[in-house]
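[1] here is a sequence with its predicted model. Questions after.
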Amino acid sequence: ASAPQPLSPPLPARPSLPPLAATVATADVSVAEATLPAGRVELTVTVAPASVAAAYKSALNAARKRTSVPGFRKGARVPDSLVVDALGGAAAVKAAAAEVILKDTLPTALGPYAADAVSGSERITDNIDDLAAALATDAPFEYKVAFDRMPPLSWVAPVEGLTLTVAAAGDDASVDDAAAAQLVAARKEKGKLRLVAELRPDQLTLAPGDVAVVDFDVVDASGTPVPGAARAATQLDTGDADRLLGLPGLAAGMAGMAVGDERSIDVVLPTNWEPAELAGSKVEAKVRLREALAWDLPALTDAWAEEAYPGSGTVDGLRSRLRAAVAAETAAATAARVQEALTTALADAVACDVPESVLREIGEAEYQAELLQMQASGRFSLEQVARLATPDLLSKFVAARRDSLAALHRAQRAVDALFESRGLTLDEAAVKAELDAAASDFKARGQEHDAERLEEQVREAVKARAVMEWLDKNNKVVVGPPEAPRRSFGAR
């Protein structure tokens, strides 16, 4: 799948001259530092007049070599005034000279801060056009550049000898239920919904497993409608209605209803209901049956099982296959919860400020990942994802996830610190294997990639895995029973 376009478009390109040799002597550059709020640093860079004049001359000579002036051969010694006119005036030459100065002096100005500066956070705060307009060959050239300084990291809690408790993603019962539901879903994919009157003319009332089209509302003990609970012409599969709606006993209470019937059903909301003030309370569901449908399903035979899932052989073989797949998914989800708990403990063990540029960079990566997941899951088309990939929506995402993004940054920095302090080593064989696999994947999809950036990402991932393994060995993680998901009338 194609990745969404970058959320932060590059600055408009400015016409530039061919690369030049350095024209500004290091001794002609002076730098004054000022500390700004939120850990940002601003440098005022001053370039001596002699180097300004040299940069102007260098820009003019470069332009002379590539500019055609009527009456002169290309590269010939054309008078400065004619070159300036051919370029569009003195402003164009001054803009080119300013570009030369900035390219030459930025490395000198930022060099002493390379170890502490957040990569990619550097920004020239002056307007480039104003800088070019103010350039004079007999005066100093001054500009300001700001960057984020990576704040210090401090350990505030231990990261070993801890006991962490996480809830399992499921248990044997939930795995059995999920596998059985998948089997039913597979049969429904090959089946058809028909009117109960057509399929069961001798039994017109609603039976377990039928699909009901209903209107319903929910009122509390005082008879007040519960906000957000009303539904009109909602299609409910009674085999799964309780789970989907979170109203235990609703489907059973609808059994025996005929089309047009109305019925009040008492339901006790689960203790994990949201909002919490309704949790565990008794409510009344008022239901009207509009239509009753029944599934006309293929017979559950060995032949059907093999056709639906080649290699299953028999119905029992299919059941075993589905259960194994669900069990593997559940185990992977539990392992992810364990890693999340270790990551949270790691993030909570350190303290540091988070520069805005870092927060946005992490937020952009997380937002891109969510958009790609939406596309990969089929919930959104490529065009829909592209419409969501905007700077404005990214800013809203970062604002909404500020705390979790900051925790992710702390965890990332703690990974580096722990890796170094505990003398862990990078598995170069694993790095090479993952690099080769990723490169092959890009090639198979016909996509280009930044090899240097890919290697950096792979090395960071292998490093993080080594730290997670160390945390797992040096802490105790207790996996407890699964917790029921939070329910609300807003859930579907």
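    Done, it's in.
[2] C-alpha only now, for contacts and for neighbours.
    Noted.
[3] which residues in the stretch 151-300 of the chain form strands?
    Along the stretch 151-300 of the chain, the stretches classed as strands by DSSP state E, counting those that start in this stretch are 154-155, 163-167, 192-195, 211-219, 231-237, 262-268, 282-296.
[4] right, and these - which one's nearest residue 417?
    The closest of the strands of the stretch 151-300 of the chain to residue 417 is strand 154-155. By Cα to Cα, the value is 9.7 Å.
[5] give the other helices and strands that that closest one contacts.
    With contacts taken as 3 or more Cα pairs under 8 Å, 6 or more residues apart in numbering; DSSP states H and E, strand 154-155 sits against strand 350-351.
[6] any idea which helix or strand comes after the strand it packs on?
    Under the assignment DSSP states H and E, the closest C-terminal helix or strand after strand 350-351 is helix 356-376.
[7] could you point out which element follows that following helix?
    Following helix 356-376 in sequence order, the next helix or strand is helix 382-388 (DSSP H and E).
[8] show me what counts as buried in the helix or strand just after that following helix.
    Once helix 382-388 ends, the next helix or strand along the chain (criterion: DSSP H and E) is helix 391-400. For helix 391-400, the neighbour count (16 or more other Cα atoms under 10 Å) marks 394, 397-398 as buried.
[9] for stretch 154-170, same thing?
    In stretch 154-170, counting by 16+ other Cα under 10 Å, buried: 159, 166, 168-170.
[10] who touches that stretch?
    Stretch 154-170 is contacted by residues 330-331, 333-334, 337-338, 341-342, 345-346, 348-352, 471, 474-483 when judged by Cα atoms under 8 Å, 6 or more residues apart in numbering.
[11] mind saving the C-alpha coords of it as CSV?
    Taking Å, rounded to 0.1, in the frame of the first residue of the first chain, the C-alpha atoms of stretch 154-170 are listed here in CSV:
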residue,chain,number,x,y,z
SER,A,154,17.2,11.9,35.1
TRP,A,155,16.3,8.6,36.7
VAL,A,156,13.5,9.0,39.3
ALA,A,157,12.5,5.4,39.9
PRO,A,158,14.1,1.9,39.7
VAL,A,159,13.7,-0.2,36.5
GLU,A,160,14.6,-3.6,38.0
GLY,A,161,13.1,-5.7,40.8
LEU,A,162,9.6,-4.5,40.0
THR,A,163,6.4,-6.6,40.0
LEU,A,164,4.0,-5.6,37.3
THR,A,165,0.5,-6.9,36.8
VAL,A,166,-1.2,-7.1,33.4
ALA,A,167,-4.5,-8.5,32.4
ALA,A,168,-4.4,-11.3,29.8
ALA,A,169,-6.0,-10.5,26.5
GLY,A,170,-8.2,-13.6,26.9
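[12] avg pLDDT for it?
    In this model, stretch 154-170 carries a mean pLDDT of 95.
[13] what of stretch 450-468?
    Rounded mean pLDDT across stretch 450-468 is 93.
[14] from the chain's centre, how far out does it sit?
    Stretch 450-468 has its C-alpha centroid displaced from the chain centroid by 17 Å (Cα atoms, centre = their mean, to the nearest Å).
[15] ok, now stretch 355-372?
    Distance of stretch 355-372 from the chain centroid (Cα atoms, centre = their mean) equals 6 Å.
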